[in-house]
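# Okay, predicted coordinates and the sequence, questions at the end:
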Amino acid sequence: MADSNKLIIFDTTLRDGEQSPGASMTKDEKIRIARQLERLKVDVIEAGFAASSPGDFESIKAISGIIKDSIVCSLSRANDKDISRAAEALAPAQRKRIHTFIATSPLHMEKKLRMLPDQVYEQARQAVRFARQFTDDVEFSPEDGSRSDMDFLCRVLEGVIAEGATTINFADTVGYGVPELYGTMLRTLRERIPNSDKAVWSVHCHNDLGMAVANSLAGVMIGGARQIECTINGLGERAGNTALEEIVMAVRTRKDHFNLELGIDATQIVPTSKLVSQITGFAVQPNKAVVGANAFAHASGIHQDGILKARDTYEIMRAEDVGWSANKIVLGKLSGRNAFKQRLEELGIKLESESEVNAAFARFKELADRKSEIFDEDIMALVSDEQQSHDREHYNFVSLSQQSETGEKPTARVTFSIEGKEVTCEGNGNGPVDAIVNAIETQTQSGAELLLFSVNAITTGTQSQGEVTMRLSKSGRIVNGVGADLDIVVASAKAYLAALNKLHSKTEKLNPQM
Ligand code: KIV
Ligand code: ZN
């Protein structure tokens, strides 16, 4: 199986990506991302971890009912209860996969699981045997695989393949791997395990040492893996996961070396990156490969001269091939509802009802009155805004006025609704944003700690909307709120209220690796 030239792209943005503190998403947000992942043509979408929370369960179920082309997958720990829950959530899927895992390193077995190796071996086999009752497509991961004992790994993996595991995912859970060693370990496993040819081998790398992409590719080239697990923008816990966009463009650009086939539509990479960043509030660094704002900007005079003479002097990929659209103006003040609706469809945004389309169109008109040129990014931001007020109506922004003057303490007056009832509050602070946060806190008294405040321009130019992310922490929970507006102080108020709404929703989620 490993000799095939097809490289399977397994996207885990909605599961491992979401484990990143503050990246939690609502069901509607996950559905939007899943639809976009299908447009990107990923082979497998890991939609969540069904047993972790009712919210995750419902999201997987909804995604299973919507996605037609990609395989939909749920993570589950290696026990019957988790696996049954995964199977139930995946029931509507046309093509489904259960992904079960258990830690195999001495450290994890002793300190975390408090289990003996023989018990882990039995539990892994039993989990795969049970999962096979629900689907023929079962993936098994030895968690912390790269720090596990090779003899023990061989025994466990041979056992789970004998039980019917069809994919074996060699996890570098803590990003400890080094390309040559990781790739060689995988090759050794495949060589030593007698039934290794009965499974597709997969790599799953974390980026703690900045080597997730290099390790994944070594797993493919040295180890013979034919599936890579990755996330959009490399989103994930700590330093993140393998970045999908980097893998795809490395394999495509260096086909001479990798000689692998991909099913991905690369022109959907940038739209997907922007959507994930906007929904999660994790901004993409400008110099990020492929999807960073500067990835195709040639600032130095020498480079520009080279590019003008012949594009490939300094360009190994073309911006348009990965979906950079050079800020196309798509709509304006005179655009009607039909044009707006059509653009939503072209962007792959499906609003559930006509009343949602109407509400989004009303927002569009409001924006077009204040901003003459509307870009795709503006449309995506206003749809997110609309979905936020639709999803979490505990707090809703209404209006604000704010005064700042050199040498004076800024003041703010904010009106917002709490469960539909409008309140107006006032506050001052060291800066305008501090003033609006203090004003809101006079009513909400959340006492949350602000961990991060960032502002990014959605498009270029001073006419651009500002997108603000506020990351709040309270009682051990971390959430991100995102707000966009032409006025960055208004965007800040929206972001703060969006974060408070997430804290208010009290969605507790189990971390699968705890
Ligand atoms: O990093 C990891 O080990 C995981 C597993 C659950 C595959 O995410
Ligand atoms: Zn992981």
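Right, received. Where do you want to start? Ligands and ions are numbered 1, 2, ... in the order given.
# Low-confidence ranges, the stretch 1-150 of the chain, go.
1-3 (pLDDT under 70).
# Contact distance from ligand 1 - what residues of it qualify?
Neighbours of ligand 1 within the stretch 1-150 of the chain, by Cβ under 6 Å from any ligand atom: 16, 75, 101, 141, 143. Placement of C-beta: from N, CA and C, glycine included.
# how about 8 Å then?
Contact residues, the stretch 1-150 of the chain versus ligand 1 (Cβ under 8 Å from any ligand atom): 12, 15-16, 19, 75, 99, 101, 141, 143-145.
# I'd like to know which of the residues you listed are part of strands.
Among those, the members found in strands (DSSP state E) are 75, 99, 101, 141, 143.
# Three-state assignment for residue 480, please.
Of the three states, residue 480 takes strand under DSSP: H, G, I helix; E, B strand; the rest coil.
# quick one: buried residues of stretch 483-491?
Buried residues in stretch 483-491, defined by neighbour count with 16 or more other Cβ atoms under 10 Å: 483-486, 488-491.
# what about the strands in the stretch 351-500 of the chain?
374-375, 395-403, 411-418, 421-428, 449-457, 466-474, 477-485 (DSSP state E, counting those that start in this stretch).
# now these as TSV including distance to ligand 1 and mean pLDDT?
Shown next, in TSV, are these (distance: least, Cβ to the nearest ligand atom, whole Å; pLDDT from 0 to 100):
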stretch	distance to ligand 1	mean pLDDT
strand 374-375	36	88
strand 395-403	33	95
strand 411-418	38	97
strand 421-428	42	97
strand 449-457	24	94
strand 466-474	22	95
strand 477-485	19	93
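# Tabulate these (JSON lines), appending distance to residue 240.
Formatted as JSON lines, the strands of the stretch 351-500 of the chain follow (distance: least, Cβ to Cβ, whole Å):
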{"stretch": "strand 374-375", "distance to residue 240": "28"}
{"stretch": "strand 395-403", "distance to residue 240": "30"}
{"stretch": "strand 411-418", "distance to residue 240": "34"}
{"stretch": "strand 421-428", "distance to residue 240": "36"}
{"stretch": "strand 449-457", "distance to residue 240": "16"}
{"stretch": "strand 466-474", "distance to residue 240": "16"}
{"stretch": "strand 477-485", "distance to residue 240": "15"}
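# So which of these is nearest residue 33?
Among the strands of the stretch 351-500 of the chain, strand 477-485 comes nearest to residue 33, with 13.9 Å by Cβ to Cβ.
# Which elements pack onto the closest one?
Using 3 or more Cβ pairs under 8 Å, 6 or more residues apart in numbering; DSSP states H and E, the elements in contact with strand 477-485 are helix 269-280, helix 376-391, strand 466-474, helix 488-505.
# burial of the nearest residue to residue 207 once chain neighbours are set aside, as a residue count?
Nearest residue to residue 207 in three dimensions, chain neighbours excluded: residue 239, at 4.2 Å (Cβ to Cβ, 6 or more residues apart in numbering). By other Cβ atoms under 10 Å, the residues close to residue 239 number 15.
# Residue 239 belongs to a helix, doesn't it?
No. Under three-state DSSP, residue 239 sits outside any helix and is assigned coil.
# For residue 427, give the beta-bridge partners.
For residue 427, the beta-bridge partners are residue 412 (DSSP bridges).
# measure it to residue 386 for me?
The gap separating residue 427 from residue 386 is 27 Å, by Cβ to Cβ, to the nearest Å.
# distance of the residue lying farthest from the centre of the chain from ligand 1?
Ranked by distance from the centre of the chain (Cα atoms, centre = their mean), the top residue is residue 407, with 42.7 Å. Here residue 407 is placed at a distance of 52 Å from ligand 1 (Cβ to the nearest ligand atom, to the nearest Å).
# Give the phi and psi angles for that residue, as a check.
With angles defined as degrees, to the nearest 10, residue 407 sits at phi 90, psi -10.
# coming back round to it: where among the helices and strands packed on strand 477-485 is average confidence lowest?
Ranked by mean pLDDT, these end with helix 376-391 in last place, scoring a mean of 80.
# Check which helices and strands that helix is in contact with.
For helix 376-391, the packing partners by 3+ Cβ pairs under 8 Å, 6+ apart come out as helix 27-40, helix 269-280, strand 329-331, helix 337-346, helix 354-370, strand 477-485, helix 488-505.
# Okay, now the unreliable bits of the stretch 201-350 of the chain?
298-305, 307, 326-329.
# Residue 124: helix or strand, and which one exactly?
Element membership of residue 124, judged by DSSP states H and E, is helix 117-131.
# Using PDB, list the CA coordinates for that helix.
What follows is helix 117-131, C-alpha atoms only, in PDB (Å, rounded to 0.1, in the frame of the first residue of the first chain):
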ATOM      1  CA  PRO A 117       2.800  -2.300  28.600                       C
ATOM      2  CA  ASP A 118       0.800  -5.500  28.400                       C
ATOM      3  CA  GLN A 119      -2.400  -3.700  29.400                       C
ATOM      4  CA  VAL A 120      -1.800  -1.000  26.700                       C
ATOM      5  CA  TYR A 121      -1.200  -3.700  24.100                       C
ATOM      6  CA  GLU A 122      -4.500  -5.500  25.000                       C
ATOM      7  CA  GLN A 123      -6.400  -2.200  25.100                       C
ATOM      8  CA  ALA A 124      -5.100  -1.100  21.700                       C
ATOM      9  CA  ARG A 125      -6.100  -4.300  20.100                       C
ATOM     10  CA  GLN A 126      -9.500  -4.400  21.800                       C
ATOM     11  CA  ALA A 127     -10.200  -0.800  20.700                       C
ATOM     12  CA  VAL A 128      -9.400  -1.500  17.000                       C
ATOM     13  CA  ARG A 129     -11.500  -4.700  17.100                       C
ATOM     14  CA  PHE A 130     -14.400  -2.800  18.500                       C
ATOM     15  CA  ALA A 131     -14.100   0.200  16.100                       C
END
